[in-house]
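> sequence and predicted structure below; questions after.
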Number of protein chains: 2
Amino acid sequence: MGPKVRIDEVLAAIAFDANGLVASIAQQHDTGEVLMLAWMNREAVAETLTTGQVCYFSRSRGRLWRKGESSGQTQRLVELRLDCDGDAILLLVDQLGVACHTGRRSCFFRAARDGALVEIAVPTIAPELLYPNKD
Amino acid sequence: MGPKVRIDEVLAAIAFDANGLVASIAQQHDTGEVLMLAWMNREAVAETLTTGQVCYFSRSRGRLWRKGESSGQTQRLVELRLDCDGDAILLLVDQLGVACHTGRRSCFFRAARDGALVEIAVPTIAPELLYPNKD
């Protein structure tokens, strides 16, 4: 059985939503830090499993989003996991640099403490260095 | 400023989708294990922040879902975090027992290995013990 057939088996187990998407959590494989939540379509899952580099589907841009294609902050796939009802994916990844477009390691840098939102992490890379060609 | 005002500030920072929902990840606060992904509406977020016990919105049942209400497997909130664009929540929790209705600690118990899905965890509690009153 070739890799193509096996990817089809994984795809068949995923319950994509009405828009053809599935919520996907990226977690740093060794530290356990939850980095971000994004969306994948069938093509993104297939590409990620084939290349070993995480590819999402950007809802705002309406196209495949190869993580790090602009910023260089790529995610190498360590393992893809699926939940009990197949409508959520957990990606164990090795994140190069930072996951968040704000220059922070994780997108989840705001915490509700005493009921107010406080920032619990600072950027480790300036966003203008991540996106030097951005207008 | 009272707790009610502060919860309103947190709610105002959340970008609920067209259905009034936000994707919410539950992570065991000390081990880092990702337990599940579910959905919250405004009322579920407000109740969770008020009571300290995690409450979701069940899309299949169309109502608030106080985690553990049937199974007893409750989640105590340790911290609620919000991502950069406000459309995903990370709940650091203390999970009593198991998160998954199959009796497994985490819902993400299927892994794509060599392209095929394999189960990487076994139930630690029999589902019929979790839901003794289920038909």
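Okay, I see it. These figures come from a predicted structure and were not determined experimentally.
> for stretch A:119-135, buried residues please.
Going by neighbour count (16 or more other C-beta atoms under 10 Å in any protein chain shown), the buried part of stretch A:119-135 is A:121, A:125, A:127, A:130. Just so you know, the C-beta spots here come from the backbone N, C-alpha and C atoms, and that holds for glycine as well.
> pLDDT value on the third one, please?
It stands for A:P127. pLDDT for A:P127: 91.
> quick one, what contacts it?
By C-beta atoms under 8 Å, 6 or more residues apart in numbering or on different chains, the contact set of A:P127 is A:101-103.
> which of the buried residues of stretch A:119-135 lies closest to chain B?
A:A121 (10.0 Å; C-beta to the nearest C-beta).
> quick check: closest non-adjacent residue to that closest one.
A:F109 (4.0 Å; C-beta to C-beta, 6 or more residues apart in numbering or on different chains).
> what do you get for A:G32?
Spatial nearest neighbour of A:G32, chain neighbours left out: B:G32 (2.6 Å); criterion: C-beta to C-beta, 6+ apart.
> for the one you found, phi and psi?
When read as degrees, to the nearest 10, the backbone of B:G32 gives phi 80, psi 0.
> swap in the one 10 residues further on?
Backbone torsions of B:R42, given as degrees, to the nearest 10, read phi -60, psi -40.
> tally of neighbours for it?
The burial count assigned to B:R42 is 16, neighbours taken as other C-beta atoms under 10 Å in any protein chain shown.
> please, which helix or strand holds the nearest residue to it once chain neighbours are set aside?
Excluding the flanking residues, the one nearest B:R42 by C-beta to C-beta, 6+ apart is B:L11, at 5.6 Å. Assigned by DSSP states H and E, B:L11 belongs to helix B:3-12.
> how about residues contacting that helix?
In contact with helix B:3-12 (C-beta under 8 Å, 6+ apart) are residues A:112, A:114-117, B:42, B:45-46, B:49-50, B:80, B:82.
> go again with 10 Å.
Helix B:3-12 is contacted by residues A:110-117, B:1-2, B:42-43, B:45-50, B:80, B:82, B:86, B:89 when judged by C-beta atoms under 10 Å, 6 or more residues apart in numbering or on different chains.
> CA atoms only for that helix, dumped as PDB, please.
Output of helix B:3-12 as PDB, limited to C-alpha atoms (Å, rounded to 0.1, in the frame of the first residue of the first chain):
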ATOM      1  CA  PRO B   3     -16.100  41.200  38.000                       C
ATOM      2  CA  LYS B   4     -19.100  41.700  35.700                       C
ATOM      3  CA  VAL B   5     -17.500  44.600  33.900                       C
ATOM      4  CA  ARG B   6     -14.200  42.700  33.600                       C
ATOM      5  CA  ILE B   7     -15.900  39.700  32.000                       C
ATOM      6  CA  ASP B   8     -17.500  42.000  29.500                       C
ATOM      7  CA  GLU B   9     -14.100  43.300  28.600                       C
ATOM      8  CA  VAL B  10     -12.900  39.800  27.900                       C
ATOM      9  CA  LEU B  11     -16.000  39.000  25.900                       C
ATOM     10  CA  ALA B  12     -15.500  42.200  23.900                       C
END
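> these two touch, right, A:H101 and A:C107?
Yes - if you go by C-beta atoms under 10 Å, A:H101 and A:C107 touch, sitting 8.2 Å apart.
> coming back round to it: now the residue nearest to B:R42: how far from A:D8?
Applying C-beta to C-beta, to the nearest Å, the value for B:L11 to A:D8 is 42 Å.
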